[in-house]
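Undergrad: compute the structure for the input listed below.
(one chain, ligands or ions: 1)
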Amino acid sequence: MKPARSIPYALALLLAGLPAAAQRDQEQERRDQQERQDQQRREREQQERRDQERRDQQGGGDQERRDQAGREQERSGETPTQQAPTLEFGVAGLTPENAEQIRTSLRELRTQVYVCSGCEREYARAGTCETCKLTLRADERPVFQEATPAVERSSVRVRVAPGRTLRYSDLERALLANSIRIEGSKFPLDTPATLVLRGGSQENVAEVERALNESGAFERAETRFEPSTGEIQVTVRPGRNAPSLSQLSSTLKSSGSKLLLADVIWGEPALKS
Ligand SMILES: [Zn+2]
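TA: Below is the predicted model:
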């Protein structure tokens, strides 16, 4: 009976061993699976990082495309109401001691705007709200979204808040109040702007426009006479070789005219009227 007993015993042992072996196999399988999952997770994470990097780069590209679109829109003269010009220019007198004071006084610089009491939309000029048809109320709001004096570069960088206007004369006055002088030769006219010329009349308009367009200082210049102020206003779009404020003044002087560059305005709806 021994063999008869031993067979089931061996069989029993074998059968008993099978689950253990199966269990070992299962454990090995689980470890393998775990490892594969870990590997897949690492690959997924790497892929996500690569995707994120690509999105970041595309985001930058989108920004560039938006900037490009903005520039093209400005060139075509359509609804540049939300443009926010950024200017960077050289100054004399900036020190580590007065930098903070200059930043503060530039941020306090205000400009006249007209606001709808119904929808709070802000307009550059008085009138009625396009949407609500309510009469706009006058208000004063900060000119700059950002104002950063850079002591080491002797320069100031400002970003005009969207829809607001900056006059060079106001900027100059605010800086002079802190004993900071703008260096005209380091003030590039490289953003769309309106030049305000004094000392001329309606007769000079065509001549000025031709002289500026021929000088190559700007991609395009459009001129009109404003009888109420006696100013010739020139709306300019910057070209490749933006002149400095000083260069533009010399160009005007050398043209033999009596016209003087009295002011520059940024943020006005470009090339309208
Ligand atoms: Zn409104």
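Undergrad: what comes into contact with the helix or strand Val91 falls within?
TA: Assigned by DSSP states H and E, Val91 falls within strand 86-92. By CB atoms under 8 Å, 6 or more residues apart in numbering, the residues outside strand 86-92 that reach it are 149, 154-160, 166, 175, 180-183, 185-188, 191, 266. From N, CA and C alone the C-beta is placed, and that goes for glycine too.
Undergrad: near the ion, from the residues you listed?
TA: Filtering the contacts of strand 86-92 for proximity to the ion by CB under 5 Å from the ion leaves nothing.
Undergrad: returning to what we had before: just checking: what are the partner strands of the strand holding Val91?
TA: strand 155-160 (antiparallel), strand 181-182 (antiparallel) (DSSP bridges).
Undergrad: point out the most buried one among those.
TA: strand 155-160 (a mean of 20; mean count of other CB atoms under 10 Å).
Undergrad: what's the first helix or strand after that one?
TA: Immediately after strand 155-160, counting by DSSP H and E, sits strand 166-167.
Undergrad: helices and strands around the next helix or strand after that following strand, which ones?
TA: Scanning forward in sequence from strand 166-167 by DSSP H and E, the next helix or strand is helix 168-176. Counting contacts by 3 or more CB pairs under 8 Å, 6 or more residues apart in numbering; DSSP states H and E, helix 168-176 is packed against helix 99-108, strand 181-182, strand 260-266.
Undergrad: Lys133 is nearest to which of these?
TA: Nearest to Lys133, of all the helices and strands packed on helix 168-176, is strand 260-266, at 28.3 Å by CB to CB.
Undergrad: for the host helix or strand of Val205, buried residues please.
TA: Counting by DSSP H and E, the element that carries Val205 is helix 205-215. Going by neighbour count (16 or more other CB atoms under 10 Å), the buried part of helix 205-215 is 205, 208-209, 211-213, 215.
Undergrad: report all helices and strands that that helix contacts.
TA: Helix 205-215 packs on strand 218-226, strand 231-238, helix 245-254, going by 3+ CB pairs under 8 Å, 6+ apart.
Undergrad: dump these to JSON lines, plus mean pLDDT, mean neighbour count and distance to the ion.
TA: Formatted as JSON lines, those follow (pLDDT from 0 to 100; neighbours: other CB atoms under 10 Å; distance: least, CB to the ion, whole Å):
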{"stretch": "strand 218-226", "mean pLDDT": "92", "mean neighbour count": "18", "distance to the ion": "28"}
{"stretch": "strand 231-238", "mean pLDDT": "93", "mean neighbour count": "21", "distance to the ion": "27"}
{"stretch": "helix 245-254", "mean pLDDT": "87", "mean neighbour count": "16", "distance to the ion": "37"}
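Undergrad: and the gap between Ala138 and the ion?
TA: 15 Å (CB to the ion, to the nearest Å).
Undergrad: report the secondary structure element holding that residue.
TA: Going by DSSP H and E, Ala138 is part of strand 137-142.
Undergrad: so what angle separates the directions of the helix or strand following that strand and helix 168-176?
TA: Using DSSP H and E, the next helix or strand after strand 137-142 towards the C-terminus is strand 144-150. Comparing the axes of strand 144-150 and helix 168-176 via axes from the mean of the first three to the mean of the last three CA atoms, to 10 degrees yields an angle of 50 degrees.
Undergrad: show me which residues of the stretch 101-250 of the chain are close to the ion?
TA: 116, 118-119, 129, 131-132.
Undergrad: thought Phe187 was touching Leu245?
TA: Yes: taking CB atoms under 8 Å as the definition, Phe187 is a contact partner of Leu245 at 4.1 Å.
Undergrad: pull the CA atoms of the strand holding Val91 into CSV?
TA: Extracted C-alpha coordinates of strand 86-92, given in CSV (Å, rounded to 0.1, in the frame of the first residue of the first chain):
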residue,chain,number,x,y,z
THR,A,86,6.2,100.4,-23.6
LEU,A,87,8.9,103.0,-23.7
GLU,A,88,12.5,102.7,-22.5
PHE,A,89,14.8,105.7,-22.5
GLY,A,90,18.0,107.1,-21.0
VAL,A,91,18.0,109.6,-18.2
ALA,A,92,20.5,111.6,-16.2
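Undergrad: in that strand, what's buried?
TA: Under 16+ other CB under 10 Å, the buried positions of strand 86-92 are 87-91.
Undergrad: cool, thanks, talk later.
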